[in-house]
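K.L.:
sequence-free structure coming up:
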């Protein structure tokens with residue numbers, strides 16, 4: 001295949017994946033569907049996304065968090081598009097904030113397990129970056145058929161209100177608007193916020209609605225009298241502002257945010273942004289259609305960083321990981337990226353692309369420590385199949401060097417941002433700052449795959465286990481049966497490798513067009529700059 005043919009094939013594959021994602025995104029953004037939207041609007045209410053459009057500054061960048069949450073899940077319950085809640089990071093009166101809007105077109109805004117996980121993720125982003133959070137409440141509460149999966153555990157529904165309280169003590173501004181139903185335990189969320197607004201005639205808040213009140217204490221009362229806008233602002237004093245409609249509500253929130261004092265600054269370095277000197281769109285052709293193929297990660301980096309410039313650290317050592325200083329949208333960053341082409345080490349030995357060797361782990365660990373010393377945010381570009389195995393690597397101390405890298409990633413005090421470009425397998429996921437290692441934001445490209453090991457290797461391993469189990473039970477396995485079994489295993493396993501599978505479960509914050517990578521990292525660092533570093537970097541016990 002000629003180079004031009006390969007380039008065109010790669011670009012076509014990436015654009016096709018992006019086109020498929022766009023179609024799914026359009027469907028997700030319909031929430032509960034067109035009929036549900038029509039019924040919602042008949043009540044005089046805007047949709048969750050329309051509310052957010054009015055809340056955030058017009059024309060300014062917005063990042064959606066966990067757009068694909070719940071994708072392909074809860075089929076028996078009719079699905080839960082976007083987890084029944086929309087979360088976006090954007091600007092309100094020039095101030096970077098995160099907002100959470102219940103989508104009442106999806107099961108009346110009821111909370112599924114993934115809804116709770118997504119709400120907790122939004123609060124986590126607010127807490128880590130010390131940025132204001134706005135809650136646009138319109139929810140019927142916990143989805144009762146699944147209450148056992150959402151109610152009692154540490155990371156379930158109740159943790160939301162725990163976080164409300166902790167965030168208040170931290171001085172993180174929380175503004176809540178009751179724009180529809182707000183019932184039972186969910187009623188605590190807006191009232192635990194700093195200030196609560198309620199929309200007249202459509203908003204209501206109470207521990208028990210009129211039907212339950214009738215059943216429990218025999219009292220006849222309507223919801224509006226029980227906990228509507230007039231009652232809660234003039235009689236009980238539960239809410240602080242009564243507004244006539246959604247538009248006035250959102251305008252009032254913007255005015256409140258506008259008066260908040262200036263945030264502290266972490267002091268991350270930024271200069272005037274410069275576009276990459278090389279064509280950013282060439283990224284599409286650089287990423288191979290078959291993500292197991294080789295490519296030069298350095299060429300990808302040059303299309304992500306300002307002026308296409310990167311100052312490489314230990315350029316000729318530990319070549320299976322690229323480390324270097326650069327700028328993204330003006331922000332100083334330290335980049336740690338897996339090199340995906342075969343390289344030669346200092347001894348002239350060939351090293352596989354995407355594999356972490358001892359020298360690479362040592363180099364990356366030292367570079368990460370340097371970035372912590374210099375207060376430079378870290379950007380991890382993942383395309384890793386894992387650490388090198390075999391007697392030579394084991395005798396050379398690969399576990400020790402890998403542990404060193406995992407240690408410094410874990411203990412880093414500067415903000416970390418992870419972009420999953422291709423493979424993200426095994427302990428390589430951990431060392432390269434996977435979700436478990438606290439990246440401030442973690443987004444994936446359509447070419448990404450996250451798993452304990454690659455599809456073919458995993459399928460063959462699972463096949464061996466199943467065949468051995470069947471033979472132990474005295475069953476004969478015909479080659480055709482074994483082939484069929486392998487096909488079934490592959491189909492199931494490869495489904496879990498799809499980036500939408502990961503995004504649905506919040507292993508990542510979403511799937512983005514590679515051209516949006518600079519925006520995501522830039523806004524992420526801007527958010528992180530609101531939270532001064534107060535902890536001293538230390539690795540504890542680490543073998544050198």
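P.N.:
Received the coordinates, thanks. Please read all numbers here as calculations on a predicted model, not as lab measurements.
K.L.:
start and end of stretch 102-114, how far apart?
P.N.:
Using C-alpha to C-alpha, to the nearest Å, the end-to-end distance of stretch 102-114 comes out at 13 Å.
K.L.:
confirm that residue 327 sits in a helix.
P.N.:
No: using DSSP: H, G, I helix; E, B strand; the rest coil, the assignment for residue 327 is strand, not a helix.
K.L.:
that one touches residue 271, doesn't it?
P.N.:
Yes: in this structure, residue 327 is within contact of residue 271 by C-beta atoms under 8 Å, at 6.9 Å. The way it works is simple: take the backbone N, C-alpha and C, and place the C-beta from them, glycine included.
K.L.:
those two - which one has more neighbours?
P.N.:
residue 327 (19 against 10; other C-beta atoms under 10 Å).
K.L.:
list the beta-bridge partners for that one.
P.N.:
Under the criterion DSSP bridges, residue 327 forms beta bridges with residue 332.
K.L.:
OK, contacts around it?
P.N.:
Residues in contact with residue 327 (C-beta atoms under 8 Å, 6 or more residues apart in numbering) are 271, 273, 274, 305, 306, 307, 309, 333.
K.L.:
check the offset of stretch 427-436 from the chain's centre.
P.N.:
Remark: stretch 427-436 is offset 14 Å from the chain centroid, using C-alpha atoms, centre = their mean, to the nearest Å.
K.L.:
ah, wrong one, I meant stretch 501-518
P.N.:
Here stretch 501-518 is found 6 Å from its chain centre; the criterion is C-alpha atoms, centre = their mean.
K.L.:
also stretch 139-159?
P.N.:
How far stretch 139-159 lies from its chain's middle: 21 Å, per C-alpha atoms, centre = their mean.
K.L.:
what sits up against it?
P.N.:
Stretch 139-159 has contacts (C-beta under 8 Å, 6+ apart) with 77, 102, 104, 107-113, 115-117, 120, 180-186.
K.L.:
I figured residue 88 hits residue 96, correct?
P.N.:
No: the pair residue 88 and residue 96 fails to qualify as a contact (C-beta under 8 Å) at a distance of 11.3 Å.
K.L.:
more neighbours, those two?
P.N.:
residue 88 (22 against 19).
K.L.:
which stretch of helix or strand covers that one?
P.N.:
Assigned by DSSP states H and E, residue 88 belongs to strand 85-92.
K.L.:
other SSEs contacting the helix or strand hosting residue 486?
P.N.:
Taking DSSP H and E as the criterion, residue 486 maps to helix 479-497. Helices and strands touching helix 479-497, by 3 or more C-beta pairs under 8 Å, 6 or more residues apart in numbering; DSSP states H and E, are strand 449-451, helix 455-472.
K.L.:
for it, buried residues please.
P.N.:
485, 486, 489, 490, 493, 494, 497 (16 or more other C-beta atoms under 10 Å).
K.L.:
hey, least reliable of the helices and strands packed on helix 479-497 by pLDDT?
P.N.:
For the helices and strands packed on helix 479-497, the weakest mean pLDDT is recorded on helix 455-472, namely a mean of 69.
K.L.:
surely residue 197 is within a helix?
P.N.:
No: under three-state DSSP, residue 197 falls outside any helix and is assigned strand.
K.L.:
wait, it touches residue 243, no?
P.N.:
Yes: contact criterion C-beta under 8 Å: residue 197 and residue 243 qualify, at 5.8 Å.
K.L.:
these two: which is more packed in?
P.N.:
A direct count of neighbours by other C-beta under 10 Å for residue 197 and residue 243 places residue 197 higher, at 27 against 22.
K.L.:
distance of the more buried one from residue 165?
P.N.:
20 Å (C-beta to C-beta, to the nearest Å).
K.L.:
do the same with residue 263
P.N.:
As judged by C-beta to C-beta, residue 263 and residue 165 stand 21 Å apart.
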